[in-house]
Every structure is written in C-alpha cells, then in structure tokens.
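Novice: All I have is the shape, not the residue letters:
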C-alpha cells in the first residue's frame, strides 16, 4: 500500500470513531476487530512520524469505541432501557399538553428558600459605600443631544451591515416562523411573537415585523381597548389594495420588555 | 438526664440540617455530604433520616444525588416534593405547558439514546412542534437551570437538576403508556 493509501485508511478509522462519539452513531456498527487487524498489518509499513501519530490516534479511537460499546450494553441491560422507536413515536404523536402531563407525573421539584448570606450583606455594604450621592447621579451628562433618526434598509446595505440577499432570506424565514407560530388560529399576539431572550433580539424581531407588515407578508390589527396588537401572516405575500394603510409607531423600551418577560 | 440531653442535641441537629437543606447558600440548592458531615457530625445520615420523617408530614422528602456511580463527599442532598404536582399547579410555578412538553421530549431522547444525544438532533425534533426561536431559548434556559447539560462538542446530557427532580424511569414508562390519537381511534 502506498503512503497516501495508508494515510487515508488511518484517517477513515479516526473519522469513524469520532462519529461514534460526537454524533451518537451505534458503536456496534464499527468493525473494531477488523480495523485492529488492518492496523496490525499496516504497522510494519509505517515510516513517517505523521503515520505513527495517526496510527496512535486510530488505536485510541477504536479503544473509545469499545468503551462506548460497554456503555451501550450497560444501558440496554439497565432498568431505563425501553424501545427507543416506540418512545420516539409517542414523542412525535402526542400533543404538548399530554407531553407536559408526562413530566408533571414524574416530577418532584426541589424545595429551597433564597436568603441573604453574610457574603451577600458584605457585597451590598460595599456597593452602598461606593454609590455616588443622588445629586451626582442625577446630574445631566455634559454631552450634546443628538436626535434619533431613521436609517433606511438601502443605507444599511451601503454600509455593508446588511445585504439585499441576507435581508430577503431573513424576511422569508421570519414569515415562515410567523405562520408556524400563528398555527391554525392564523393569528398571534405581536408581543409574544417579538419577545426573545434578550432586549436586543426583541428589537431586531420588531424591526423585521415592521417590514413583514409593510411588504404584505402579514397584517397587523391594533385593538386599543384591549391594548393588544394582533399579527396575521398572509398565505403568500401581497399588498392589500382595498385597505387603507397607515404607519403605526410602536415603542419598545427595555422596561417594557422586562415587564413582559417577567409577566410571562 | 442523659436522654433529655440527647433529645435536645438531636433537635438542634435537626434544625441545623433543615437550615442547610432548605436555605440556599450556594448557586445550587441543597447541601453537599462534606458540609453535612462538618455541621452534623459522623451520624449525619441518622439526622437526615429523622428529618425525612418530619418532612414526610409536609409532603416533602430528602434525596441524595451523586455525580458518578460511586458515593462521594461531593454528592448533594436536596429537599423535594414527595409526590408530584398537578399540571394546573405547575403553571403557577411559572412553567408554560410548551416548556414542560419540550423538556419531556429532550429528556426522552437523551434517555433512550443511552444518556447523550446531539443538541442539533433534539432541536430538529422539537422544531416539528415549536418555532425555532422558542426552541433555542428554552433549551438555553434548561441548561442554565441544570435540567440539561451540554459539552463543547454539542452533545446534550441529563443535568444535575433532572437527576434530583425527575423520576426518569417513570417518565419513560408514563410516556410509553400514553395513548396517541391514532391508538384511541383504533383502540
């Protein structure tokens, strides 16, 4: 076997072993004995340092596969072993409420009480000592006020922040997400759709929604009495011609976002 | 006199054990074996046994959770509910039905795959039922709260809180026993 052929075989064994560890492949799919036989045949032909290094890596990889096989046997013989196929069928077929009930019936939540520790009191005292007086904190910063302005999408594209292709893909992805989230009801609360794990991401989602509505991917209804904003995704993007359209400014502050996140 | 002294000492140790277990004094709740040994002495297990009897009357129990198969001084004791909360009650703890369903799906996948599964695979299954942005943020939250753990290679494992709070065998058994709509129709 030529040097390149030897290297390829060693790399293939290493790659296969890594797949078992990283991708959760069945360790019994690896013909460990056969690979060890091949490595034994190969050993006297190895010449270069790199080949020896790869050989060591391959042996270590196969040893890891044997360990994984041991773990697999242990799992199969444990009380936790149930047919994975049946379990996954249930996972796919059951509605969220039934799945939630499964958790509730097997759940014993931890009970604990949060309290102030001596360390916490020290930290608070340190904070209090270093806190500037109120008049210093309320003093106006010596800076010139710059009014907020608007930045068009084309400007962003010019600045290289966002390309036309990226934007269209983002719009399309958000539209599909909105349809999925609205489900059979065909509508979803504006706030529950834009709310995300951080304030920045929430603002980004609100920004995308403004384009979804402007470009006819969705409609927006404001219910002032209920203080509710409803989004309805369109089956396909179209600009309604019979409807009067108008701009609606929606203010999103960090406080408002925090209040809604905490309120669930 | 000696008996009265022993009883008083036991009451004192019970109070100390209850404080250690119920009041959070670290990032994680509960107390480690070495902390209990230091505070209660060598017979700490006997103290916990008596405390468990007292807690039973309140519907609570004491549970030991270890990292590995062998017992160690780093194992942690927690106080948990003895029974299960009702689904309606769980919602008042701040859990959404969707979040609970997502945790069930993630745990079921990990458990049937022998204790670990690629995060991407869990996300792919969850995205069949829930929007992607919701799946990502919820999995992050489960990892932060200790229900799941993730390694640098993107594999998902059972977290310390799951080992403490969830009866894993029961979860799979109940899941397996649930009738799907198709089964009810043919049933």
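Specialist: Yes, it's here. This one's a predicted model, so the numbers in the text were calculated from it and none came from an experiment. Residues are numbered from 1 along each chain as shown, chains lettered A, B, ... in the order given.

Novice: Would the lengthiest helix in chain B count as contacting chain A?
Specialist: What stands out as the longest helix in chain B, according to DSSP state H, is helix B:2-22. Yes: Helix B:2-22 comes into contact with chain A (C-beta under 8 Å from any C-beta of the partner chain), by way of residue B:22. Backbone N, C-alpha and C define where each C-beta goes, glycine included.

Novice: Please state the mean pLDDT value computed over the next helix or strand after that helix.
Specialist: The helix or strand immediately downstream of helix B:2-22 is strand B:23-24, counting by DSSP states H and E. Averaged across strand B:23-24, the pLDDT comes to 85.

Novice: Quick one: residues in contact with strand B:23-24.
Specialist: A:112-115 (C-beta atoms under 8 Å, 6 or more residues apart in numbering or on different chains).

Novice: Out of the residues you listed, who's the most crowded?
Specialist: Neighbour count (other C-beta atoms under 10 Å in any protein chain shown) singles out residue A:112 as the most crowded of these, with 17 neighbours.

Novice: tell me how far whatever helix or strand residue B:77 lives in is from the chain's mean position?
Specialist: Secondary structure assignment for residue B:77, by DSSP H and E: strand B:76-81. Strand B:76-81 sits 8 Å away from the centroid of its parent chain (C-alpha atoms, centre = their mean, to the nearest Å).

Novice: for that strand, packing partners?
Specialist: When contacts are defined as 3 or more C-beta pairs under 8 Å, 6 or more residues apart in numbering or on different chains; DSSP states H and E, strand B:76-81 sits against helix B:2-22, strand B:31-32, helix B:33-40, strand B:60-65, helix B:160-165.

Novice: so where is the stretch 151-264 of chain A shaky, pLDDT-wise?
Specialist: For the stretch 151-264 of chain A, the stretches with pLDDT under 70 are A:151-165, A:225-226, A:239-246, A:263-264.

Novice: Neighbours of the residue in it that chain B sits nearest to, how many?
Specialist: Across the stretch 151-264 of chain A, no residue is closer to chain B than residue A:197, which sits at 4.2 Å (C-beta to the nearest C-beta). Other residues lying near residue A:197 total 15 when counted by other C-beta under 10 Å.

Novice: residues touching it, list them.
Specialist: B:137, B:140.

Novice: Assign it to helix, strand or coil.
Specialist: Secondary structure, DSSP: H, G, I helix; E, B strand; the rest coil: residue A:197 is coil.

Novice: Any figure for the gap between it and residue B:140?
Specialist: 7 Å (C-beta to C-beta, to the nearest Å).

Novice: and what of residue B:86?
Specialist: The value you get for residue B:86 to residue B:140, if C-beta to C-beta is used, is 28 Å.

Novice: and what of residue A:54?
Specialist: For residue A:54 relative to residue B:140 (C-beta to C-beta), the value is 38 Å.

Novice: Mind checking which of those two has more residues around it?
Specialist: Neighbour totals were compared for residue A:54 and residue B:140, and residue A:54 leads with 20 against 13 (other C-beta under 10 Å).

Novice: just checking, the more buried one touches residue A:7?
Specialist: Yes: at 6.6 Å, residue A:54 and residue A:7 qualify as touching, with contact defined as C-beta atoms under 8 Å.

Novice: quick one on the thing from earlier: do the next helix or strand after the strand holding residue B:77 and chain A meet?
Specialist: Scanning forward in sequence from strand B:76-81 by DSSP H and E, the next helix or strand is helix B:87-92. Yes: on the criterion C-beta under 8 Å from any C-beta, helix B:87-92 is in touch with chain A at B:87, B:90.

Novice: Where do the strands of the stretch 51-200 of chain A begin and end?
Specialist: A:113-114, A:188-189 (DSSP state E, counting those that start in this stretch).

Novice: and the first one, what other elements does it pack with?
Specialist: Counting contacts by 3+ C-beta pairs under 8 Å, 6+ apart, strand A:113-114 is packed against strand B:23-24.

Novice: helix, strand or coil for residue A:219?
Specialist: strand.

Novice: For it, list each beta-bridge partner.
Specialist: Beta-bridge partners recorded for residue A:219 (DSSP bridges): residue A:232.

Novice: Run a quick check on it versus residue A:238, I expect a contact.
Specialist: No: using C-beta under 8 Å, residue A:219 is not in contact with residue A:238; the gap is 10.2 Å.

Novice: Neighbour count: the two, which is higher?
Specialist: Using other C-beta under 10 Å as the criterion, residue A:219 and residue A:238 rank with residue A:219 on top: 16 against 10.

Novice: State the distance from that one to residue A:89.
Specialist: Taking C-beta to C-beta, one finds residue A:219 at 38 Å from residue A:89.

Novice: And residue B:98, by the same measure?
Specialist: 21 Å.
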